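# Let's see this in three dimensions:
(chains A and B)
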2 protein chains.
Amino acid sequence: LIEAAVEVFAARGYDSVSLREIAGLVGISHTGLRHHFESKEELLLEVLAFWDAHSVDFRQITDVSGIEWLRATVDVVAKFARKPLLVRLFVVLSGEATAPGHPAHHYFVDRYRRSRQLAIDHLTAAKLEGKLRSDVNITEAVAVIYAVLDGLRVQWLLDPQHVNIVELYRGFLNKFLDTVYG
Amino acid sequence: LIEAAVEVFAARGYDSVSLREIAGLVGISHTGLRHHFESKEELLLEVLAFWDAHSVDFRQITDVSGIEWLRATVDVVAKFARKPLLVRLFVVLSGEATAPGHPAHHYFVDRYRRSRQLAIDHLTAAKLEGKLRSDVNITEAVAVIYAVLDGLRVQWLLDPQHVNIVELYRGFLNKFLDTVYG
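The predicted model follows:
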């Protein structure tokens, strides 16, 4: 049920569909769906929880830290490049959720803050170990790294034949580590 | 009418609203709206044309070229940072439009290809003038520059107090021109 809802939200966004339509697309009755979820908002929160559990995520890199954590993010990007549907879910919902009134607005604001903090912690450790230049502004660097990733996601989903997200991200990171940060 | 539709699409996306609802939100009758636009798709195309005409865009930099064109993109970012509604329209619609069946899918695929080509032309000129390192892969560089911009847009719209899109973009570009490309 949740997986079917993921597909519906990824293809059409959250705002676009009613619970009744989702029930129809999933192939159960509206009453049956309401038995599981009181509201579309409740279903959205379940879909986001599913996405959190199944998406490949930088938080899952726990075996390395500091600069090795940053290098390992390339492998994570390679993994999620094999799950375009979940990536699209993220792109569509995070775009919609930039509107302050959207029910997932606070989820995404929090998520981005936590993601940035995780990277800030690893880059700070890397700096202390002398693996990053001492004049690197870590907050700025982290915002740019996530921006590259989010922006490449959109270009890749729109034009997968012309945009190789994994190689572009790897190339960006290597250049940054070799010259700007290193 | 179009400006009101811009607000509706920016807040709720394209898929989420019917022509009837838009008519209600804009304060005219459904029949009145249908008099101007036969379908929601037609209205979307008008909204995209409006956005093209009113958004601040790198194509508007025509007084400089090559590396100066790239430097001038910072001023363009500063200008569109004063139009968050139009930026949100772009983020919401481009996110939705990553789905191949979306009526604006081809518009955004084409738009990104043309934007990348414009930047490729200027960076190629800069390289010929010796303003960029001869080993810079221009196609990669351009994909990364647009990715930074698109990704910063999302972070900035979600969290404008913590994310200064203009300074982050300027900082990124300066570092790239000083070290990676220059």
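# May I ask which helix or strand encompasses the residue of chain A positioned farthest from its centre?
Within chain A, A:Thr31 marks the point farthest from the mean C-alpha position, 32.4 Å out by Cα atoms, centre = their mean. Of the helices and strands defined by DSSP states H and E, A:Thr31 is found in helix A:30-36.
# so how far is that helix off the chain centroid?
For helix A:30-36, the distance between its averaged C-alpha position and the chain's averaged C-alpha position is 29 Å (Cα atoms, centre = their mean, to the nearest Å).
# What is that helix packed up against?
When contacts are defined as 3 or more Cβ pairs under 8 Å, 6 or more residues apart in numbering or on different chains; DSSP states H and E, helix A:30-36 packs onto helix A:19-26. Glycine gets a C-beta too; all of them are placed from N, C-alpha and C.
# what's the helix it packs on packed up against?
Packing contacts for helix A:19-26, counted by 3+ Cβ pairs under 8 Å, 6+ apart, involve helix A:2-12, helix A:30-36, helix A:40-54.
# in chain A, what spans have low per-residue confidence?
In the predicted model, chain A carries no residue with pLDDT under 70.
# Tell me where it has helices.
Per DSSP state H, chain A carries helices over the ranges A:2-12, A:19-26, A:30-36, A:40-54, A:67-80, A:84-96, A:105-128, A:138-158, A:165-175.
# Which residues belonging to the shortest one are considered buried?
To tie it back to what came earlier, the one meant is helix A:30-36. Of the residues in helix A:30-36, those buried by neighbour count under the rule 16 or more other Cβ atoms under 10 Å in any protein chain shown are A:Leu33.
# can you list contacts of that helix?
By Cβ atoms under 8 Å, 6 or more residues apart in numbering or on different chains, the list of residues contacting helix A:30-36 from outside reads A:Leu1, A:Leu19, A:Arg20, A:Ile22, A:Ala23, A:Gly24, A:Val26, A:Leu43.
# and if we set it to 6 Å?
By Cβ atoms under 6 Å, 6 or more residues apart in numbering or on different chains, the surrounding residues in contact with helix A:30-36 are A:Leu19, A:Arg20, A:Ala23.
# And the residue nearest the centre of chain A?
So for chain A, Cα atoms, centre = their mean, it's A:Phe90, sitting 5.6 Å from the centre.
# got the contact list for that one?
A:Phe90 sits in contact with no residue, where contact means Cβ under 6 Å, 6+ apart.
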